[in-house]
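J.: Sharing a model that was predicted from the sequence below.
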Amino acid sequence: MKIALLALLGLALGTLGGAALGIGAGLAWVEIFKTSSFEGYSGMLVFFTFMPAGAAIGGIGGALLFGILSIRDAEIAIEREPVHHRER
């Protein structure tokens, strides 16, 4: 259950982060390649192409990352076993 909840958290956070990075990449694309702003074409390019693509990639990546981290966390021993000293 913990793995599924952390994967959903990773999906949500990854989607938000990926969308933000997608907007940044789209704005950079518009500036670098001098995309036309006629009738809002550059804005539509950013918000209908780059933002959804970034959100999808970020969501999948975040879910995988958090899922793998939660699986590995279950394998790591949290407490060490006490060391038994030999009787002399």
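T.: Arrived safely, thanks for sending.
J.: Now for this structure: which helix has the highest residue count?
T.: For the chain, the helix with the greatest residue count under DSSP state H is helix 2-32.
J.: Report all helices and strands that that helix contacts.
T.: Counting contacts by 3 or more CB pairs under 8 Å, 6 or more residues apart in numbering; DSSP states H and E, helix 2-32 packs against helix 41-45, helix 51-75. Any C-beta I mention is one placed from the backbone N, CA and C, and that applies to glycine too.
J.: Dump those helices into CSV; add distance to Leu8, mean pLDDT and mean neighbour count as well.
T.: Listed next are these as CSV, based on distance: least, CB to CB, whole Å; pLDDT from 0 to 100; neighbours: other CB atoms under 10 Å:
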stretch, distance to Leu8, mean pLDDT, mean neighbour count
helix 41-45, 31, 95, 15
helix 51-75, 7, 91, 16
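J.: Distance to Thr35 for the ones you listed - can I get that in JSON lines?
T.: What follows is the helices and strands packed on helix 2-32, written out as JSON lines (distance: least, CB to CB, whole Å):
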{"stretch": "helix 41-45", "distance to Thr35": "5"}
{"stretch": "helix 51-75", "distance to Thr35": "15"}
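J.: sorry, back to before: what's the offset of the longest helix of the chain from the middle of its chain?
T.: Computed by CA atoms, centre = their mean, to the nearest Å, the separation of helix 2-32 from the middle of its chain amounts to 6 Å.
J.: likewise stretch 41-49?
T.: On the basis of CA atoms, centre = their mean, stretch 41-49 is displaced by 22 Å from the centre of the chain it belongs to.
J.: who touches Gly17 in this structure?
T.: Neighbour list for Gly17: 58, 62 [criterion: CB atoms under 8 Å, 6 or more residues apart in numbering].
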